[in-house]
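A.B. asks: what's the 3D shape of this:
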Amino acid sequence: MVLGSLDKNIIAEYYSSYAKLHSTSKGFISNLLSDMDECILKERAENEYEIKFKILEEGLRIQEYLYRFEDSFTRSSRYLVDRVQECTNMTSYFFTDKEKEYSIFKYKNETMLKIKKHRIIEGDQFPIFVNEELFHTKSSEIISQIMQPAIIYKGRMVKHRIKDFIVDTIDGRVYSLAVTICEASGKLQYQLEVEYSGYIKGYGPFIENHENQIIESLEGLASFVYSNLKKVITPDTQRKFEFVIASTDYDSIEEIIDFSKQKILKEEFGVV
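C.D. replies: Numbering: from 1, shown residues only. Predicted coordinates for the structure are as follows:
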């Protein structure tokens, strides 16, 4: 298929042809971008746009949740699912200076520090996270940030995540649909997260850097998900950091003592 500018009909035809040829939609976005000689672009890269849901039914394997959520999209002509089912498992260590949240983790064998400042706005149907994010990967930058006296360690969490990517054929924006199961101090958190990931260049209705359009499209997708899954999910605003705080017994401070900032950086991540 020769691709130039995109619209809903062209990308739907491409999706259908790809799925028939490969017997799955897995990888269709990367294949589409390769055929277009393009890559996923992202507006407002310093911001995270996300809507969270609490998963009400616990105890399933993480893949089973995603399979169930994927099925709801078989009835949609607007949303096309790339069933990449990307899995990650990571341990995150959380810190705070009372204004921002800091977390250190390894992602694809690279040590990363994420600094996040949260903001929640009220959408038409759901609370929407519009967070500022900054990432550091250089050891010197990680050390200079974490070793500031005002930054204190608050706890750790193991996160298991599996996600797909979804194209909104109205404006070409791409979203992730992720199931996360997190464990902190023996307690579990089950969430479904719908997050803006970027856009495919070439869509007519698309307006770059239009925050209202990003939020409206995100909420439209979240509304579709929720309308099909009301029995098993409910809107949620608990951050991972808040889950760690709520799960950690600070009356027993052995973990806080044993995991000093220096020890975490050196022994867990090899940052010295």
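
A.B. asks: Low-confidence ranges, the stretch 101-250 of the chain, go.
C.D. replies: Scanning the stretch 101-250 of the chain for pLDDT under 70 picks out 204-207.

A.B. asks: residue ranges of the helices in it, please?
C.D. replies: 139-146, 211-229, 240-247 (DSSP state H, counting those that start in this stretch).

A.B. asks: Between the ones you listed, which one is closest to V158.
C.D. replies: helix 240-247 (10.5 Å; Cβ to Cβ). The way it works is simple: take the backbone N, C-alpha and C, and place the C-beta from them, glycine included.

A.B. asks: Show the secondary-structure elements that that closest one is packed against.
C.D. replies: Helices and strands touching helix 240-247, as assessed by 3 or more Cβ pairs under 8 Å, 6 or more residues apart in numbering; DSSP states H and E, comprise strand 79-96, strand 101-107, strand 152-168, strand 173-184, strand 187-199.

A.B. asks: How far off centre is it?
C.D. replies: Mean-position distance between helix 240-247 and its chain equals 17 Å (Cα atoms, centre = their mean, to the nearest Å).

A.B. asks: before we move on, what about stretch 13-21?
C.D. replies: 26 Å.

A.B. asks: So for it, what gets flagged as buried?
C.D. replies: 14-15, 18-19 (16 or more other Cβ atoms under 10 Å).

A.B. asks: Y190 and F53 touch, don't they?
C.D. replies: No: Y190 is beyond contact range of F53, at 9.5 Å (criterion: Cβ atoms under 8 Å).

A.B. asks: count of neighbours near S144?
C.D. replies: For S144, the neighbour count with other Cβ atoms under 10 Å is 11.

A.B. asks: cool, N109 as well?
C.D. replies: 5.

A.B. asks: In stretch 23-32, which of the residues would be classed as buried?
C.D. replies: Neighbour-count burial for stretch 23-32 flags 25-26, 28-29, 32 (criterion: 16+ other Cβ under 10 Å).

A.B. asks: Any idea how far that stretch is from the middle of the chain?
C.D. replies: That offset, for stretch 23-32, works out to 20 Å (Cα atoms, centre = their mean).

A.B. asks: Next up, the contacts around H160.
C.D. replies: 62, 87-89, 180-182 (Cβ atoms under 8 Å, 6 or more residues apart in numbering).

A.B. asks: Is it possible to mark the buried ones in those residues?
C.D. replies: Applying 16+ other Cβ under 10 Å to these flags 62, 180-182 as buried.

A.B. asks: From S197, how far out is H22?
C.D. replies: 22 Å (Cβ to Cβ, to the nearest Å).

A.B. asks: higher neighbour count, these two?
C.D. replies: Using other Cβ under 10 Å, the more surrounded residue of H22 and S197 is S197, with 17 against 12.

A.B. asks: re earlier: any chance of a markdown table for the contacts of H160, columns distance to I215?
C.D. replies: Formatted as a markdown table, the contacts of H160 follow (distance: Cβ to Cβ, whole Å):
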| residue | distance to I215 |
| --- | --- |
| I62 | 28 |
| C87 | 28 |
| T88 | 26 |
| N89 | 31 |
| T180 | 22 |
| I181 | 27 |
| C182 | 26 |
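
A.B. asks: Show me which of these is closest to D124.
C.D. replies: T180 (24.9 Å).

A.B. asks: isn't that closest one right next to M157, touching?
C.D. replies: No: under the criterion of Cβ under 8 Å, T180 makes no contact with M157, lying 10.2 Å away.

A.B. asks: Need the residues touching each of these two.
C.D. replies: Counting by Cβ under 8 Å, 6+ apart, the residues touching both T180 and M157 are K240.

A.B. asks: and A150, how many neighbours?
C.D. replies: 9.

A.B. asks: right, and it touches T96 too?
C.D. replies: No: with contacts counted by Cβ under 8 Å, A150 stays clear of T96, the gap being 9.2 Å.

A.B. asks: quick revisit: show me which pair in the contacts of H160 is furthest apart.
C.D. replies: For the contacts of H160, the farthest-apart pair by Cβ to Cβ is C87 and C182; their separation is 14.4 Å.
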